[in-house]
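>>> just to be clear, the model below is a prediction. Sequence and coordinates:
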Amino acid sequence: MPTRGFNVLVIAAREDSCRDACNHLRVTGYRVEGVATVEEGMTLLKDGAFGAVLLYVEGSAAAGAVGTIKALKRVSSDLRIMVVTDEPSQQVATNYILAGADDYLVSPVRYPELERRIQGLFTLDFSDPLAPRRQTEAGPVQDFGPYEVLHRLAFNGMESTYLVERQGLRYELSILERRDEPDHAYDGRRQRFMRGAVVANAIDHPHLIRVVDVFIGDRVHAPYFVTDHLEGERLAAYVEGHPEVGFKGRARMIRQLADALAALHAHHMVLRSITPQGVLVTPGGMPKIVDFHFAHVPSSHLTHAGDILGIPEYLAPECALTTSIGPAADVFSLGCVAYELMVGAKPFAGLSVAEVLEQLRSARPKRPCKRVEDFPRPLEDILAKMLRKDPKDRYPAMGPLIEDLDAFLAGEPPPIAGKHGLTEALFVRVWS
C-alpha cells in the first residue's frame, strides 16, 4: 500500500466532480478515495491514512466551507488541503487560506494543473535545508511565470525581494526563503508570509501598496507575492527631509494611515507592528503601508502568548502577553509612529528587546510639550489616548481616532480624547 503521504481523499458532493478527480489522480499513481460528504470524509481521515484532501466547494457547500476547512485541520494539523471552488473571488480564496487551506483552484479544473499542484503538496524534501529555497548567487531559479527578474533588491534572512518586469512594467516580487528549520516552523512562517499579502490583494485602498499577484506556493515551489514598484522615501526620512510638513501635515499622514488600517481591520486583519520603515511616501507626498510581515488574524493559532512578532518599539504591550489582540493594538502601534514623527524620538526605546518590553509594560514616555515647544494640546490629547497601556482605555478602533484627527485638522477640539482625556490624572498616567 502506498505511504500515507501519497494518499488523497476527494470530497465532492457532485458525483461527476468526484469521479473525474479520482480517475485522473489514480492515473498518476496516487491511492485515491472519493466521498460525497464531509462527514464521510472525517470518518476516513481518523485512521490517518491520507496525506491530503481535495475539497470541492461547489454550490451550497460554499456556505460552510471555512468551517469545514478548520474541522479538517483539527483532525490533523499536518493534513494538506486543496480547495476547488466555482466562485472566482479573491476574497473567497482569502477566507479559505486564512482558515488553513494550502492551495486552491478555480473550476472548471484543468487536470494536468491539478495533478501538478497535488504533486507539489507532497514532493518537497524537508530534509534538504535549502528546499524550497530557489536562490543561487546568480539569482532565483524558480520560474516566476510572466515576471522577468532584473536584480535582487533585498534579503533579510527570511525572504528575498526582486525587481521584476512584466510587459514593460516594473514590480517588486517577494519570495519566502527556506531555512534549516523544522517543518512546522517553516509552515508557520509560510502562512504568516502569505497572510497579509492575500488579504491586501483583496483590498483596494490608496494608502496600502497594491498587491498585484499572489502565488500561495506548493510543496515544491516557494510562495511569493508581487506588488507595485514605488518610488519614494520611508516615512521618517520624508518627514525629516521636509520640515515644511508641520504638525497638521504629519497628523494628516497619520490620519491617512489610520484609514488604511481601518480597511485591513474590516477584513479581520491586525497589522500588529506599524513602523516608519514600513511606510513609503511617494513623491507626491502620499503615505502607503508596504509591510505586512507581522499581520495577525484574530482566529489564527499561529501565534502563542509570549511570542514576540513585530518590532518591539512599535508593539502594543498586550502583544507580548496574549494572543487576544485586536484593532486597539494597531492604535497603539500607530501612536508610537505618530509620537516619533511629532517629537523626533521613539516613545519607548532600549538597548535590548527585554528592556523595550519592560518600558512598554511600565514606562511613561516624555510628554510631547516637554520635548517640542508649542506642541498643540489637542494633538497631545490624541497621542495620550492612543498610547494608553490598557487597550480598553485607547481608541477601540480607527474610526474614533479618525474622528478626533479630523477635528484637530479642522481646528476644533477632538471630541473623544477631549472628552475623556483632558484631566491632569490622565497625563500623570500616560506621560512622564
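Yep, that arrived. Numbers count the residues shown, from 1 in each chain.

>>> do you know how far Pro287 is from Glu380?
Applying C-beta to C-beta, to the nearest Å, the value for Pro287 to Glu380 is 22 Å. C-beta here means a position set from N, CA and C on the backbone, and glycine is covered the same way.

>>> need the contact partners of stretch 34-42.
Applying C-beta atoms under 8 Å, 6 or more residues apart in numbering, the contact partners of stretch 34-42 are 9-13, 15, 18-19, 21-22, 44, 53, 68, 71-72, 75.

>>> again, but for stretch 342-356
Stretch 342-356 is touched from outside by 247, 250, 308, 312-313, 335-336, 339-340, 358-360, 363, 365-366, 368, 371-372, 375, 379, 383, 387, with contacts defined as C-beta under 8 Å, 6+ apart.

>>> residue ranges for the strands of the stretch 201-350 of the chain, please.
With DSSP state E, counting those that start in this stretch as the criterion, the stretch 201-350 of the chain has strands at 211-215, 224-228, 233-234, 279-281, 287-289.

>>> format those as CSV; extra columns: distance to Asn201 and mean neighbour count.
Converted to CSV, the strands of the stretch 201-350 of the chain look like this (distance: least, C-beta to C-beta, whole Å; neighbours: other C-beta atoms under 10 Å):
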stretch, distance to Asn201, mean neighbour count
strand 211-215, 4, 19
strand 224-228, 7, 22
strand 233-234, 23, 16
strand 279-281, 18, 23
strand 287-289, 14, 24
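
>>> could you dump those to TSV with mean pLDDT?
TSV is the format used below for those (pLDDT from 0 to 100):
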stretch	mean pLDDT
strand 211-215	88
strand 224-228	92
strand 233-234	92
strand 279-281	95
strand 287-289	96
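
>>> in the stretch 201-350 of the chain, where is pLDDT below threshold?
Residue ranges of the stretch 201-350 of the chain with pLDDT under 70: 218-220, 293-310, 320, 322-324.

>>> residues contacting Phe215?
Applying C-beta under 8 Å, 6+ apart, we find Phe215 in contact with 221, 223-225.

>>> now do Asp259
Taking C-beta under 8 Å, 6+ apart, one finds 205, 207, 398, 402 in contact with Asp259.

>>> got a markdown table for those, with neighbour count and distance to Trp431 too?
Below are the contacts of Asp259 laid out as a markdown table (neighbours: other C-beta atoms under 10 Å; distance: C-beta to C-beta, whole Å):
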| residue | neighbour count | distance to Trp431 |
| --- | --- | --- |
| His205 | 17 | 33 |
| His207 | 18 | 29 |
| Met398 | 25 | 23 |
| Ile402 | 18 | 23 |
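
>>> against Arg364, how distant is Leu357?
Leu357 is 15 Å from Arg364, where distance means C-beta to C-beta.

>>> can you list the domain ranges for the protein.
Domain ranges of the chain: 4-122, 135-228, 233-430, per automatic domain parsing.

>>> show me what Glu233 is bridged to.
The partner list for Glu233 in beta bridges (DSSP bridges) reads Val281.
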